[in-house]
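*Asks:* Sequence and computational prediction follow.
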Amino acid sequence: MRYAFWNNKGGTGKTSLSFQAICRFAETHQDQRILVVDACPQANLSELFLGGLTGMGSQRLLQQHGAVPRRSLGGYFQIRLPSPFNVPQFRPQDFISTPSSMNTAIPTNIDLVCGDPLLELQSNAINTLSNTQIPGTNTWISVVDWINDFLKPLGSSYDTVFIDCNPSFSIYTQIALATVERLVFPVMADDSSRRAVQNALSLLYGLSLPSPIYATYAFNTKLTAAGRTLPKVHLIAKNRITQYMGPASAYAAVLTAIDHDINALLATNPDLFTFSNIAAGTVEIRDFQTTGVVAFAKGLPFSHLRAGKQTINSHRVQVKEDYRLQVVTSVNNLVAML
């Protein structure tokens, strides 16, 4: 199965949520091999897997970028730029890292294709290539298949693939979304996230376009015209819930409005979802608060985080065990729905 964590709105906690969810999935599915593809030029997810702020995650990421060939998604895209429409000879293993060899808190059944700032530099060239007119060649499909081309030689080496996407709808995000079968969609309990849900589904599925002219160039039109299957929304993670037992009243109205929007789409476009009712496709995630800050600074899954006072960048902070257990439960609830 292939999953993407995506929302074209930033600040929804997507990367932190994906890190904890993927690690927990790996811990609870030790018989599976898992590949993580960081399709974000900020590469924050990669830094977490490689050790976080205090565990040399940034330095280790630079080491992957300095390898020959460059051990990252940008490194793979670099060999595709001269051969965009025909798959060159390559070894996908050359671009894959094993984070547990650098960060012992990471489950050993996880491999990683690191993110890379090169993606931003490459995007203009990739976008131009995807719009090239070549008789008999669907250049856009050839380009959005790049990650599919990467995965194909790996065969059955991996049971589950997770892709962390950039909060955008750039060409490298489209390449990622064209690869997966299911979407995990993090949202925050605010009005901007409600609009983001509507905007993201419009970008992905061509819903509520302002003019029919856009439909010709829409992602869903081009993908389905080539006989490809669109990814389906599998899970909506309501992130940044307050420290209280449930959503605070200030947030509850927005969360209810998001539920209303999704229910309306379930009635009109059920084929876009893997679930048939809102309860089966949503999960509430508590705000990670200090527990999250410490875990991400150290590049630790919550299962490896210890309670008590700790020092982060010369600041003393305290992780409370009761709260750590509560966020572990939240992540467990999400993983149980994958």
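*Replies:* Cool, got the structure.
*Asks:* what residue of this structure is the furthest out?
*Replies:* Farthest-out residue of the chain from its mean C-alpha position, per Cα atoms, centre = their mean: Pro135, at 34.5 Å.
*Asks:* quick one, phi psi at it?
*Replies:* phi -50, psi 130 (degrees, to the nearest 10).
*Asks:* Against Ala39, how distant is it?
*Replies:* 31 Å (Cβ to Cβ, to the nearest Å). Every C-beta, even on glycine, is put in place using the N, C-alpha and C of the backbone.
*Asks:* ok, now Phe275?
*Replies:* Phe275 is 25 Å from Ala39, by Cβ to Cβ.
*Asks:* quick one, what contacts Thr139?
*Replies:* Residues counted as contacts of Thr139 (Cβ atoms under 8 Å, 6 or more residues apart in numbering) are Pro84, Phe85, Leu129, Ser130, Asn131, Thr132, Gln133.
*Asks:* Look up the closest residue to Arg182, ignoring the ones flanking it.
*Replies:* Nearest residue to Arg182, sequence neighbours excluded (Cβ to Cβ, 6 or more residues apart in numbering): His234, at 3.8 Å.
*Asks:* wouldn't the one you found be in contact with Arg2 here?
*Replies:* No: when contacts are counted by Cβ atoms under 8 Å, His234 is not listed as touching Arg2 (10.7 Å).
*Asks:* where do the contact lists of those two overlap?
*Replies:* Arg182.
*Asks:* before we move on, back to that, same question for the host helix or strand of the residue nearest to Arg182, mean pLDDT?
*Replies:* Using DSSP states H and E, His234 falls within strand 232-241. Averaged over strand 232-241, pLDDT sits at 84.
*Asks:* Could you identify the helix or strand that succeeds that strand?
*Replies:* helix 249-268.
*Asks:* Just the CA atoms of that following helix, as PDB, please.
*Replies:* Taking Å, rounded to 0.1, in the frame of the first residue of the first chain, the C-alpha atoms of helix 249-268 are listed here in PDB:
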ATOM      1  CA  SER A 249     -15.500  24.700  22.200                       C
ATOM      2  CA  ALA A 250     -13.700  27.400  20.100                       C
ATOM      3  CA  TYR A 251     -12.500  24.700  17.800                       C
ATOM      4  CA  ALA A 252     -15.500  22.400  17.800                       C
ATOM      5  CA  ALA A 253     -17.600  24.500  15.500                       C
ATOM      6  CA  VAL A 254     -14.800  24.500  12.800                       C
ATOM      7  CA  LEU A 255     -14.300  20.700  13.200                       C
ATOM      8  CA  THR A 256     -18.000  20.200  12.800                       C
ATOM      9  CA  ALA A 257     -18.000  22.400   9.700                       C
ATOM     10  CA  ILE A 258     -15.200  20.300   8.200                       C
ATOM     11  CA  ASP A 259     -17.200  17.200   9.000                       C
ATOM     12  CA  HIS A 260     -20.200  18.800   7.200                       C
ATOM     13  CA  ASP A 261     -18.100  19.500   4.100                       C
ATOM     14  CA  ILE A 262     -16.800  16.000   4.000                       C
ATOM     15  CA  ASN A 263     -20.200  14.400   4.600                       C
ATOM     16  CA  ALA A 264     -21.500  16.500   1.600                       C
ATOM     17  CA  LEU A 265     -18.700  15.100  -0.600                       C
ATOM     18  CA  LEU A 266     -19.300  11.600   0.600                       C
ATOM     19  CA  ALA A 267     -22.900  12.000  -0.700                       C
ATOM     20  CA  THR A 268     -21.900  13.400  -4.000                       C
END
